[in-house]
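**Q** Using only what follows, build the 3D model:
(one chain, ligands or ions: 1)
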Amino acid sequence: MRFEIEKPEDCTEIEVLLDNAFGLGRTNLSSYQLRIGNQPINELSMVAKEADGFIIGSIRFWPVTVGQNNYKVLLLGPIAVHHTHQGEGIGSYLISEGISKARELDWEAILLVGDEPYYSKFGFSVIKTVEFPPPTDPNRILCLELTEGTRELLIGKVRCPFSRGR
Ligand SMILES: CC(C)(COP(=O)(O)OP(=O)(O)OC[C@H]1O[C@@H](n2cnc3c(N)ncnc32)[C@H](O)[C@@H]1OP(=O)(O)O)[C@@H](O)C(=O)NCCC(=O)NCCS
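**A** As a prediction, this is how the structure comes out:
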């Protein structure tokens, strides 16, 4: 198995992995609205491949804005690991690597919508001051600050940086 940066030719296989992990209705999830017209950060978008090149894991990170500020904030997701390889540490590796590269690239915080019991081991916790597109369960909005003090400055609506009507 190997980990590498996602390439354009990986895209179709990743879409199949995501459909299997989240179901075909996944693009109706509220966090997908933040990806419309947006582009994942290439250096942070990684895949896990088996020796034959079959993709068994994927993670992407997207730039977002919070409120009227220009803090460098990422949206983590989707992350998925093929069901035959779950529980092998692939998800943890993709998340930990993503966090560490994001720090190196001077991103200030990471947001995601997910289960706190899973993401707390990477330092994520519920943040109540930011608002995701509805419907999003506020108890699943999680934040990890990468630079000290950023978290308390994140207040307001989370948006795609390229959307109109900011
Ligand atoms: C969530 C996911 C990415 C984790 O990847 P993974 O490679 O299986 O994770 P790891 O092997 O690093 O960690 C597995 C551990 O996390 C736990 N875990 C997985 N999902 C969890 C969740 N939603 N809540 C709490 N714990 C969870 C497992 O029980 C396991 O615990 P253990 O180590 O004590 O046995 C993977 O299960 C997956 O693709 N799920 C379907 C898609 C999904 O739900 N994505 C996340 C959306 S927020």
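
**Q** Mind checking what secondary structure the one residue in the chain that gets nearest to the ligand has?
**A** Closest contact between the chain and the ligand, by C-beta to the nearest ligand atom, is at residue 91 (2.3 Å). All C-beta spots, glycine's among them, are computed from the backbone N, C-alpha and C. Judged by DSSP: H, G, I helix; E, B strand; the rest coil, the three-state class of residue 91 is helix.

**Q** burial measure for it, as a count.
**A** Taking other C-beta atoms under 10 Å as the criterion, the count of residues near residue 91 is 18.

**Q** again with residue 22
**A** Using other C-beta under 10 Å, residue 22 is surrounded by 14 other residues.

**Q** I figured it hits residue 32, correct?
**A** No - if you go by C-beta atoms under 8 Å, residue 22 and residue 32 don't touch, sitting 10.0 Å apart.

**Q** Who are the contact partners of residue 41?
**A** For residue 41, the contacting residues are 61, 62, 63, 74, 105, by C-beta atoms under 8 Å, 6 or more residues apart in numbering.

**Q** biggest separation within the residues you listed, which pair?
**A** By the measure C-beta to C-beta, 62 and 105 form the most distant pair in those, at 13.6 Å.

**Q** So between the two, which is more surrounded?
**A** Just comparing residue 62 and residue 105: by other C-beta under 10 Å the higher neighbour count belongs to residue 62, 21 against 14.

**Q** mind checking how far the more buried one is from residue 40?
**A** In this view, residue 62 and residue 40 are 5 Å apart by C-beta to C-beta, to the nearest Å.

**Q** Over to residue 141?
**A** 20 Å.

**Q** Settle it for me: which of the two has more neighbours?
**A** residue 141 (22 against 17).

**Q** I'd say the more buried one and residue 111 touch.
**A** Yes - using C-beta under 8 Å as the test, residue 141 is close enough to residue 111 to be in contact (6.9 Å).

**Q** shared neighbours, these two?
**A** Counting by C-beta under 8 Å, 6+ apart, the contacts common to residue 141 and residue 111 are 127, 130.

**Q** Sketch out the helices for the protein, chain order is fine.
**A** Applying DSSP state H to the chain gives helices spanning 11-22, 90-104, 116-119.

**Q** any chance of those in JSON lines, plus mean pLDDT?
**A** Below are these laid out as JSON lines (pLDDT from 0 to 100):
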{"stretch": "helix 11-22", "mean pLDDT": "96"}
{"stretch": "helix 90-104", "mean pLDDT": "98"}
{"stretch": "helix 116-119", "mean pLDDT": "97"}
